[in-house]
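Participant: here is my input; please provide its structure:
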Amino acid sequence: MSKSTPDRTLGDRSRVVIEHVRPTVDGGAFPAKATRGLALRVSARAFADGHDPILTWVWLWPGSAAAVRGDLPPRGVTEVAMDAEPQDWFTAWVKPAAMGAWSVAVVGLIDAWGGWARDLVIRHQAGLDVELDLADGAAIAEARVALTGITKADLRALGTLTATLRRGTDAAKRIEFATRDSTIALMRRTADRTHATIAGPFDLWVEREEAGWSAWYEMFPRSEGAVPPRSGTLRLAERRLPAIAAMGFTVVYLPPIHPIGTTHRKGPNNVTECSATDPGSPWAIGSSAGGHTAVHPDLGTIDDFDHFVAAAGAAGLEVALDYALQCSPDHPWVAEHPQWFRHRSDGSIRFAENPPKRYQDIYPIDFDTEDSAALWTALRDVMRFWIGHGVRIFRVDNPHTKPFAFWEWLIADVRMTNPDIIMLAEAFTRPAVMQRLAKIGFSQSYTYFTWRNSAWELTEYLTELSQTELADWFRPNFWVNTPDILHATLQQGGPPAFRLRAALAAITGPSWGMYSGYELCEATPLREGSEEYRDSEKYQLRPRDWSRPGSIAPLITRLNRIRAGHRDAIAQLSTLRLHHMTDESMLCVSRATPDKRDVVLLVINLDPQHAHEATTWLDLGALGVPADRPFEVHDELGGGSYTWQGPVNYVRLDPAVQPAHVFHVRPLP
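Facilitator: Sure, this is the predicted structure:
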């Protein structure tokens with residue numbers, strides 16, 4: 001029986017039916033996601049037999065509870081009345097105040113007072129005698145006095161209401177008193193919940209603000225300050241941190257910083273032959289210098305890493321570290337724990353493959369080993385080691401190739417002592433697998449954003465992420481590029497494509513990320529039809545001249561500044577709405593806080609080669625502006641303000657000049 005299905009006993013008087021509660025995950029099998037301090041939308045369909053109106057509330061409280069009764073809310077509960085919407089839907093916005101486990105329930109009850117008041121007004125307007133009806137109302141109010149948990153102020157108000165309804169004064173005045181807003185509010189607060197229907201409780205996991213809103217910058221520290229073949233160091237890479245922070249990023253993500261194996265080391269562009277000076281792939285983890293808890297000697301020491309973390313914090317950045325569960329043939333675990341790897345019939349250890357691709361420099365870990373308990377513990381201890389050195393964000397490499405059960409255990413185990421941990425799942429795979437990883441606890445996920453470039457693709461994808469149940473537990477992180485992904489749009493579109501994709505990711509995604517070099521519009525593929533970079537930084541040092549002309553860093557800085565200025569609107573995925581444009585190369589997306597006090601409207605030209613003009617057809621309700629009054633749109637990206645009225649407005653964008661408008665929508669007085 002699901003958490004939303006009540007147990008029925010003989011004579012059960014709970015009449016309200018509650019269905020389709022959100023946010024939930026698979027009927028309560030896993031916690032839904034929430035972010036500390038960010039409003040969370042709770043919704044349900046609720047109805048009852050007959051024609052009586054109903055009352056619905058959301059109960060929210062810290063911790064978990066197996067069951068609750070209608071007449072006994074949990075200790076410390078926050079109760080929020082739900083608003084009625086068409087077709088028996090009810091919604092409310094709640095705001096968890098602290099990290100950790102929370103519970104949420106939806107409560108439904110027949111509105112005895114509301115039904116009485118409705119019928120009273122109808123009878124009086126029909127000219128019927130309502131004295132007996134008023135006496136019935138007085139009896140309802142008087143009965144509330146005997147209930148437990150009523151405040152002294154409400155007890156006095158109930159007494160006044162009872163006496164007023166029983167006085168022999170003008171019936172119209174008594175009806176007005178019985179139906180005024182303050183009286184309705186009193187009777188809702190004091191409703192007898194004994195026979196309420198409770199759907200839930202359902203579990204929530206509340207994470208810190210950065211889980212729901214963040215801007216990531218990926219850098220290879222070995223390239224910073226490098227003079228090939230001499231590697232850069234962590235100390236030299238610190239010099240880059242102020243510039244990253246100045247662009248408005250909140251997270252600096254480092255690929256693996258561990259020792260790299262020499263056996264079958266890959267050379268430039270992933271060739272199987274390499275020279276003695278080739279650095280190899282950071283994902284081929286482990287050598288005689290150590291494994292997953294060691295720092296590559298070329299980068300420095302663990303003290304240098306601690307210094308880097310401190311320097312990042314001083315600049316306003318958090319360090320995210322790659323958590324890649326694989327080994328080079330030279331990793332100490334290969335000799336110490338050979339049972340943790342898969343062996344072939346000739347006794348050799350199987351290297352990684354994605355046929356026809358072969359990765360001879362990497363040994364996958366065998367999670368089917370008989371020694372799985374010790375393996376899991378060792379992998380958990382790797383994460384705890386880096387937590388001990390100030391890391392609270394992990395980008396998890398290829399989690400979809402490891403058992404779900406392992407991740408479920410690991411996440412729960414680590415969160416017991418470190419509820420502030422954030423884990424980003426790097427899983428470009430089938431939707432069901434990506435979604436399962438999110439359900440079992442990954443804080444954020446890579447997405448298909450990179451491959452969604454046309455207006456219809458983006459409309460479909462953004463709608464799926466924001467308006468379906470995915471919004472309850474799947475937090476998307478929109479990456480414009482990665483060391484492995486240079487989409488054809490960027491290869492062929494030049495700097496305008498880089499500008500428009502950055503604007504699209506930064507404004508539509510609650511979290512977004514870019515790999516270093518994006519601001520320089522690096523766009524040379526390994527070969528035609530390939531999404532891999534030529535001279536990929538994965539296999540060689542790539543020192544860059546950050547002062548090179550043509551950098552779009554100023555645009556990126558502006559985008560991140562806009563995000564910061566509208567943080568709650570950008571973070572609130574469930575209020576994202578798509579608006580119709582008359583040109584199929586144009587896209588219009590709004591971001592808003594639940595109360596519509598902060599609304600951002602992105603209008604973007606998705607064609608990097610040509611100017612386009614179009615007419616908007618805006619959903620004014622999503623923007624919180626009336627149809628009969630003008631409103632101002634101020635372009636925070638390009639400057640300029642315009643007065644619009646109604647849904648139909650003209651827009652023209654030339655990608656050579658400006659890729660998008662990012663309008664702040666403001667009602668005029």
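
Participant: what are the buried residues along the lowest-mean-pLDDT helix or strand in the chain?
Facilitator: Ranked by mean pLDDT, DSSP states H and E, the weakest helix or strand in the chain is strand 357-359, scoring a mean of 81. For strand 357-359, burial by neighbour count (16 or more other C-beta atoms under 10 Å) applies to Y359. For glycine as for every other residue, the C-beta is placed from the backbone atoms N, C-alpha and C.

Participant: from the contact counts, what lies against that strand?
Facilitator: Counting contacts by 3 or more C-beta pairs under 8 Å, 6 or more residues apart in numbering; DSSP states H and E, strand 357-359 packs against strand 352-354.

Participant: check contacts around the spatially most central residue of the chain.
Facilitator: Relative to the mean C-alpha position of the chain, the nearest C-alpha, by C-alpha atoms, centre = their mean, is the one of R475, at 3.0 Å. For R475, the contact set (C-beta atoms under 8 Å, 6 or more residues apart in numbering) comprises 33, 211-212, 438, 443-445, 510-511, 573.

Participant: recalculate using a threshold of 10 Å.
Facilitator: By C-beta atoms under 10 Å, 6 or more residues apart in numbering, R475 lies in contact with 33, 35, 207, 211-214, 422, 424-425, 438, 442-445, 447, 465, 509-511, 571, 573.

Participant: filter the residues you listed down to the buried ones.
Facilitator: Of those, these count as buried by 16+ other C-beta under 10 Å: 33, 35, 207, 211-214, 422, 424-425, 438, 442-445, 447, 465, 509-511, 571, 573.

Participant: can you tell me which of the residues you listed are in helices?
Facilitator: Counting by DSSP state H, the part of the buried ones among the contacts of R475 found in helices is 211-212, 438, 465, 571.

Participant: re the thing from before, among the contacts of R475, which ones are in strands?
Facilitator: Among the contacts of R475, the members falling in strands (DSSP state E) are 33, 35, 207, 214, 422, 424-425, 444-445, 511.

Participant: between these, which sits nearest A171?
Facilitator: Closest approach to A171 among those (C-beta to C-beta): T35, at 51.5 Å.

Participant: between the ones in helices among the buried ones among the contacts of R475, which sits nearest F220?
Facilitator: Using C-beta to C-beta, A211 comes nearest to F220 of these, at 24.9 Å.

Participant: ok, and the closest non-adjacent residue to that closest one?
Facilitator: Computed as C-beta to C-beta, 6 or more residues apart in numbering, the closest residue to A211 that is not its neighbour in sequence is S443, at 4.4 Å.

Participant: what separates the first and last residues of stretch 597-610, distance-wise?
Facilitator: Separation of the first and last residues of stretch 597-610 by C-alpha to C-alpha, to the nearest Å is 35 Å.

Participant: no, scratch that, I was asking about stretch 573-589
Facilitator: One end of stretch 573-589 sits 12 Å from the other (C-alpha to C-alpha).

Participant: which parts of that stretch are buried?
Facilitator: For stretch 573-589, the neighbour count (16+ other C-beta under 10 Å) marks 573-579, 581, 583, 585-589 as buried.

Participant: from the residues you listed, which is closest to T369?
Facilitator: Nearest to T369 out of the buried residues of stretch 573-589 is L573 (C-beta to C-beta; 39.3 Å).

Participant: roughly how far apart are the closest one and V107?
Facilitator: For L573, the distance to V107 equals 26 Å [C-beta to C-beta, to the nearest Å].

Participant: how far off centre is the least confident helix or strand of the chain?
Facilitator: Offset of strand 357-359 from its chain centre (C-alpha atoms, centre = their mean, to the nearest Å): 33 Å.

Participant: direction included, what does that strand pair against?
Facilitator: If you go by DSSP bridges, strand 357-359 pairs up with strand 352-354 (antiparallel).

Participant: and the strand it pairs with, what's buried?
Facilitator: Applying a neighbour-count criterion of 16+ other C-beta under 10 Å, the buried positions in strand 352-354 are A352.

Participant: got it, and stretch 230-240?
Facilitator: 231-238, 240.

Participant: tell me how many other residues crowd the spatially closest residue to P229 that is not a sequence neighbour.
Facilitator: Of all residues not flanking P229 in the chain, T277 sits nearest, at 3.6 Å (C-beta to C-beta, 6+ apart). Residues near T277, counting by other C-beta atoms under 10 Å, number 12.

Participant: as a quick check, tell me the outermost residue of this protein.
Facilitator: Max distance from the centre of the chain (C-alpha atoms, centre = their mean): G168, 59.1 Å.

Participant: dump the residue contacts of it.
Facilitator: Neighbour list for G168: 131, 134, 174 [criterion: C-beta under 10 Å, 6+ apart].

Participant: that one looks like it's in a helix, true?
Facilitator: No. Counting by DSSP: H, G, I helix; E, B strand; the rest coil, G168 is located in no helix; its state is coil.

Participant: would you quantify the distance from it to D583?
Facilitator: Distance of G168 to D583, given as C-beta to C-beta: 70 Å.

Participant: measure stretch 537-549 end to end?
Facilitator: Counting by C-alpha to C-alpha, you get 21 Å between the two ends of stretch 537-549.

Participant: likewise for stretch 431-450?
Facilitator: In stretch 431-450, first residue to last residue: 15 Å (C-alpha to C-alpha).

Participant: what does the average pLDDT come to for that stretch?
Facilitator: Per-region confidence: stretch 431-450 scores 97 on mean pLDDT.

Participant: one more: stretch 332-339?
Facilitator: Here the average pLDDT along stretch 332-339 is 97.

Participant: in it, what counts as buried?
Facilitator: Within stretch 332-339, the residues that count as buried by 16+ other C-beta under 10 Å are 332-334, 337.

Participant: check the offset of that stretch from the chain's centre.
Facilitator: The chain centroid and the centroid of stretch 332-339 are separated by 38 Å under C-alpha atoms, centre = their mean.

Participant: which residues are in contact with that stretch?
Facilitator: With contacts defined as C-beta under 10 Å, 6+ apart, stretch 332-339 is touched by 259, 261, 263, 285-292, 294, 327-329, 331, 340-341, 347, 349, 363, 365-366, 369-372, 374-375, 378.

Participant: swap the cut-off to 7 Å and go again
Facilitator: For stretch 332-339, the surrounding residues in contact (C-beta atoms under 7 Å, 6 or more residues apart in numbering) are 286, 290-291, 327, 340-341, 363, 369-371.
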